[in-house]
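Novice: would you be able to build a 3D model of this:
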Amino acid sequence: MNKLFIFDFDGTLSWLRAGWPKIMTQLLSEYLPILQNETEEYRNRLIEDITFGLSGQATMVQMQYFVRLANLRKQIVPPASILYQDYLFRLNAIVDNRKKMIRNNDKSPLDFLIQGSIEFLTWLENKESVCAIVSGTEQDLVREEAQLLGISRFFGERIYGCTGDPLMYKKASIFSQLMKDTGVSGKNVIALGDGPVEIKECKRLGGYAVAICSDEEQIHSKTCDPIKQTQLLAAGADTAIPNFTDVINFLDCLDETL
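Specialist: Below is the predicted model of the structure:
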């Protein structure tokens, strides 16, 4: 099978950062009051466009978009860098505790993997498919966490995350480099992720995009998160699934479509 499978990490393979949209939404809501003659639903939708709509890009980009939005609404908010640090402080407190539970054997790595991930990756390994992780999270963290969760062996050195200036980080450039390194054409790229970035880039290349609509609030839910499903299908995803639980049917569908 001469195909390149490109996975996002958080929300696609890993649950370690599950709940991050709620944390980001709460933070941004604190600085974006509801205006006169505005509904709470409308304000919340503006924030969702940043949390979900820009998912897959560097977090700093999301914070910069929020600052621009707040300025347009005549709201005084902290600089993007301060919001970014506040968000990381809140999120890392949860993530670090989850990692600690794995290291102390209080939890299994399987508790923090999207259901069916191991089975799917093992099947791809047996098919000698090329697999890569391309994440918007810092690269050192992605590699450390892939190792902790026991899936780094499926990807080797092809685990990529944000390095250097987050504003310069582009998943598109890594997609292109992976294609060059592996000699795989665009039509043989399969991207699997829960953010619009990887979906749009895969479709731009002519590949097959699978939306992983994992529910951040209900780990191991068997149904698609409706917000993710709507946004990812709108971004061009060819199909949407909540996880990899139904591996056989998913693989049959994938084989028939490609």
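Novice: contacts, neighbours, all on C-alpha from now
Specialist: Noted.
Novice: check the offset of stretch 46-54 from the chain's centre.
Specialist: Centroid separation for stretch 46-54 versus its chain: 13 Å, with CA atoms, centre = their mean, to the nearest Å.
Novice: so for that stretch, what's the average pLDDT?
Specialist: For stretch 46-54, mean pLDDT is 91.
Novice: list the buried residues of that stretch.
Specialist: Within stretch 46-54, the residues scored as buried using 16 or more other CA atoms under 10 Å are 47-48, 50-54.
Novice: what does stretch 18-37 give?
Specialist: For stretch 18-37, by 16+ other CA under 10 Å, it's 18-21, 23-25, 27-28, 31-32.
Novice: cool, and stretch 73-91?
Specialist: Residues of stretch 73-91 classed as buried by neighbour count (16+ other CA under 10 Å): 77, 80, 83-84, 87-88, 91.
Novice: re earlier: dump the buried residues of stretch 18-37 to TSV, plus pLDDT and distance to T230.
Specialist: Below are the buried residues of stretch 18-37 laid out as TSV (pLDDT from 0 to 100; distance: CA to CA, whole Å):
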residue	pLDDT	distance to T230
A18	92	19
G19	91	19
W20	92	19
P21	91	16
I23	95	21
M24	96	20
T25	95	18
L27	96	23
L28	97	22
Y31	95	26
L32	95	24
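Novice: and these, which of them are in helices?
Specialist: Among the buried residues of stretch 18-37, the ones falling in helices (DSSP state H) are 20-21, 23-25, 27-28.
Novice: in JSON lines: those residues, plus distance to Q139.
Specialist: Shown next, in JSON lines, are these (distance: CA to CA, whole Å):
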{"residue": "W20", "distance to Q139": "18"}
{"residue": "P21", "distance to Q139": "20"}
{"residue": "I23", "distance to Q139": "21"}
{"residue": "M24", "distance to Q139": "21"}
{"residue": "T25", "distance to Q139": "24"}
{"residue": "L27", "distance to Q139": "24"}
{"residue": "L28", "distance to Q139": "25"}
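Novice: closest one of the residues you listed to F112?
Specialist: Distance to F112, by CA to CA, is smallest for W20 among those, at 14.0 Å.
Novice: L91 is in contact with that closest one, correct?
Specialist: Yes: if you go by CA atoms under 8 Å, W20 and L91 touch, sitting 6.6 Å apart.
Novice: what about stretch 50-67, how long is it end to end?
Specialist: Taking CA to CA, to the nearest Å, stretch 50-67 runs 11 Å from one end to the other.
Novice: so how far is it from its chain's centroid?
Specialist: 12 Å.
Novice: repeat for stretch 114-121
Specialist: 16 Å.
Novice: can you check stretch 156-164 too?
Specialist: 14 Å.
Novice: who's in contact with it?
Specialist: Stretch 156-164 has contacts (CA atoms under 8 Å, 6 or more residues apart in numbering) with 58, 131-140, 142-143, 152, 169, 174.
Novice: narrow those residues to those in helices?
Specialist: Of those, the ones assigned to helices by DSSP H are 139-140, 142-143, 174.
Novice: only the buried subset of these, as a ChimeraX command please.
Specialist: This is how ChimeraX selects the buried members of the ones in helices among the contacts of stretch 156-164, with burial counted by 16+ other CA under 10 Å:
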select :139,142,143,174
